[in-house]
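Peer 1: sharing a model prediction with you, sequence too.
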Amino acid sequence: MMLKPQALALFVALLLFSLKVRAQLRDSTALQPDSILLQQRGNTALTPDTLQSNNSVLQHSYTHLCRDSVDWSAGGAFRRRIDRHTSTKAYRMLFIGTPLIVGGVIMQSYDRDFQRLRNGHVPSFHQKYDDWLQYAPAGAMLAMKACGVKSRSSWGRMLVSDAFSAGLMAIAVNSLKYTCRVMRPDGSTRNSFPSGHTATAFMTATMLHKEYGHLSPWYSIGGYAVATATGVTRQLNNRHWMSDVMVGAGIGILVAEFGYFLADLIFKERGLNVYETFSVHDRYRHPSFVGFAIGVMTIPGNYTTREGMRMRFHAGPTTGVQGAWFASPYWGIGGRLTCSNLRTEINSVIQDDNFKSASVYVGPYFSYPVSLRWQVGSKLLGGYEFYKRFKTSFGDIPGRNGAAFATGVSTTYLATQNLGVRFAVDYDLAPSLVRGSGEPLHKLSFGIEVCAVFYPSGKGKATARSMERANGART
């Protein structure tokens, strides 16, 4: 299944639009290399004098900013360049949605494999809650607003922002659905690509994040968790390919970002109750996280199943969740749950059934803050692998399980205070296919993960804060 040119044309149009406004955005959001003065809104500027106020939040921010300034000097110009370019408004608007769209295009080659993964584990899954779950973040946002909880925007500004977002989403999704005409996995209709439910869910989650993410990271985490559940359910219901879900999620996030950007251009500061005072993060925050990952797994080499039979694995899909609680900026304890589905061949004969496995791991996670927004990490885990029985043309291979070990490296970009994208390479030393063969499986995975970041005991919350406007604008 190939992506038609219309999808790429839409993505290129969005990219060109973002580049057009990049210069305007850079001056107001880029980090200044040699100054604590980070961002200015109206007549209010952040300086060391205003930060060193009686407000404990600002005092905490100033302490960490000074600390980061010292580290920048030690790290040299390279770190300053990274932070300057990756903290612009345009970069942060694009960096979450764009990898999801690009990843979705790449994953089209593995759509059938993801369908086999679904069929191998939950072939009879069918639920209808995704039809209303897609609107849950928007419902929560409107309910909080109606109950008087102060949001980022006034009613008028919020509704205009949301209308722009919904209009852009409808144009993008429907134009692609009825020009690409991709058949759904269940064979019902030719309007599979991209997933409208997933686009709606991630658009409404981004709206909730925009309006109430400044109050608590859990509003953002909850919204995106609901959106992820919607997308996963669409794939489990056999209504969409994995690429449909990924591209739909990317479109949903991008249209909400652009919708709010357009409203900001029109309203400027009218009806703006809460705004970012600065876009810097505390480099030394404790990077606790929970995330949902998808990727491609490969098992190099050939393995003996029985005498005269050599099995080779084809690359295939893997998906999972992982999370860790960090006690310091550098180490934490966490775990990972994954499942995979790989096509096989025995003695060069492709098999009808697939090798299905699942795993659970726990252990220490490690992280190093390269800059304010970029982190590198690793892990050293121990756990258990479970292999499902599968049939071959040379006889059945029984299921088994056993102890396993895993490690990996990753790089994480924090687009917002509580939302990041992680790119990871993992290696698992898994049990052998046949007990006693002495040939452990060497699994290598390449994946992308969208993760929610939170801060234990309130550490790191002070930076990238939003402040209420001094004039007490009405909600």
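Peer 2: All right, it came through fine. Numbering: from 1, shown residues only.
Peer 1: ok, the residue nearest to residue 432 when sequence neighbours are not counted - how many residues close by?
Peer 2: Setting aside the residues directly before and after it, residue 432 is nearest to residue 439 in space (C-beta to C-beta, 6 or more residues apart in numbering), at 4.8 Å. (C-beta placed from N, C-alpha, C; glycine too.) As a burial measure, the neighbour count of residue 439 was computed by other C-beta atoms under 10 Å and equals 16.
Peer 1: my guess is residue 200 contacts residue 134, does it?
Peer 2: Yes: with contacts counted by C-beta atoms under 8 Å, residue 200 reaches residue 134, the gap being 4.5 Å.
Peer 1: who has more neighbours out of the two?
Peer 2: For residue 200 versus residue 134, neighbours defined as other C-beta under 10 Å are more numerous around residue 134 (28 against 24).
Peer 1: quick one, what contacts residue 259?
Peer 2: For residue 259, the set of contacting residues under the criterion of C-beta atoms under 8 Å, 6 or more residues apart in numbering consists of 161, 162, 163, 164, 165, 166, 167, 168.
Peer 1: mind giving me the packing neighbours of the helix or strand that contains the first one?
Peer 2: In the assignment (DSSP states H and E), residue 161 maps to helix 155-180. Using 3 or more C-beta pairs under 8 Å, 6 or more residues apart in numbering; DSSP states H and E as the contact criterion, the neighbours of helix 155-180 among helices and strands are helix 5-29, helix 136-146, helix 196-212, helix 242-267.
Peer 1: and that helix, which residues are buried?
Peer 2: Under the neighbour-count criterion of 16 or more other C-beta atoms under 10 Å, helix 155-180 has 157-158, 160-162, 164-166, 168-169, 172-173, 176-177, 180 buried.
Peer 1: can you check stretch 386-393 too?
Peer 2: Within stretch 386-393, the residues scored as buried using 16+ other C-beta under 10 Å are 386, 387, 388, 390, 392.
Peer 1: mean confidence for the strand of greatest length in the chain?
Peer 2: Ranked by residue count and defined by DSSP state E, the top strand of the chain is strand 400-416. For strand 400-416, the mean per-residue pLDDT is 92.
Peer 1: got the buried residues for it?
Peer 2: Buried residues in strand 400-416 (16+ other C-beta under 10 Å): 404, 405, 406, 408, 410, 412, 413, 414, 415, 416.
Peer 1: and the helices and strands packed on helix 155-180, which one's lowest on average pLDDT?
Peer 2: The minimum mean pLDDT among these belongs to helix 5-29 (a mean of 48).
Peer 1: hang on, residue 417 packs against residue 217?
Peer 2: Yes: under the criterion of C-beta under 8 Å, residue 417 is in contact with residue 217, at a separation of 7.0 Å.
Peer 1: now residue 429: closest residue in space, sequence neighbours ignored.
Peer 2: Nearest in space to residue 429, with sequence neighbours left out and distances taken as C-beta to C-beta, 6+ apart, is residue 405 at 4.7 Å.
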